[in-house]
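Engineer: just to be clear, the model below is a prediction. Sequence and coordinates:
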Amino acid sequence: MKLVIDTNVLISGALWDGLPARLLDAWENGSAEVILSPELLEEFAYVVSRPKLAARLALRGVTPQTLVLRLRREVVPILPQPLSVPAELRDRRDLHVLEAAVSGQVDAIVSGDDDLLAMKNFEGIPILNVRETLERLGPASA
């Protein structure tokens, strides 16, 4: 299953146990392929480098730089094509997530962002929370 995983889910999965961490485990185990744009990678690098989050990573024995390098190595990078802002998008700052998904021809967008989740789908691509994604990936992931 090809996925665009929003930054909020990537951060949660990297820093805490729970469903987002299980989703990242499923990805590492080959149940999913993650597609990210340069903008999503940059956003992840910026957020994970914040002092509070970097301190949390240190408790796990990881630096922000190591995590960013690992992410860059393991995702499938794409250069998204610009899209017009859809009327149903409540926060235009989320447009880059939709652009990555459409350009990457993914099976789903995974997010914890209420504005994206409210859309339910975009151009035939379902927008799912982590639990819904794990259910679609099957019992080994859920």
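Structural biologist: Yep, it's here.
Engineer: may I have the helix or strand harbouring Glu99 exported as PDB, CA atoms only?
Structural biologist: In this structure, Glu99 sits in helix 95-103 according to DSSP states H and E. Listed next in PDB are the C-alpha coordinates belonging to helix 95-103 (Å, rounded to 0.1, in the frame of the first residue of the first chain):
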ATOM      1  CA  LEU A  95      -2.100  21.600   0.200                       C
ATOM      2  CA  HIS A  96       1.400  20.200   0.000                       C
ATOM      3  CA  VAL A  97       0.100  16.900   1.500                       C
ATOM      4  CA  LEU A  98      -2.500  16.600  -1.200                       C
ATOM      5  CA  GLU A  99       0.000  17.500  -4.000                       C
ATOM      6  CA  ALA A 100       2.300  14.800  -2.800                       C
ATOM      7  CA  ALA A 101      -0.500  12.200  -2.700                       C
ATOM      8  CA  VAL A 102      -1.800  13.000  -6.200                       C
ATOM      9  CA  SER A 103       1.700  13.200  -7.700                       C
END
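Engineer: beyond it, next helix or strand please.
Structural biologist: Toward the C-terminus, helix 95-103 is succeeded by strand 108-110 as the next helix or strand (DSSP H and E).
Engineer: okay, which residue is most central for the chain?
Structural biologist: Ile5 (1.7 Å; CA atoms, centre = their mean).
Engineer: how many residues are close by Arg50?
Structural biologist: Neighbourhood size, Arg50 [other CB atoms under 10 Å]: 12. Backbone N, C-alpha and C define where each C-beta goes, glycine included.
Engineer: also the one 3 residues further on?
Structural biologist: The number of residues packed near Leu53 is 16, by other CB under 10 Å.
Engineer: again with Asn8
Structural biologist: Using other CB under 10 Å: Asn8 sits among 18 other residues.
Engineer: leaving out the residues flanking it, which one is nearest to it?
Structural biologist: Nearest residue to Asn8, sequence neighbours excluded (CB to CB, 6 or more residues apart in numbering): Gly112, at 4.7 Å.
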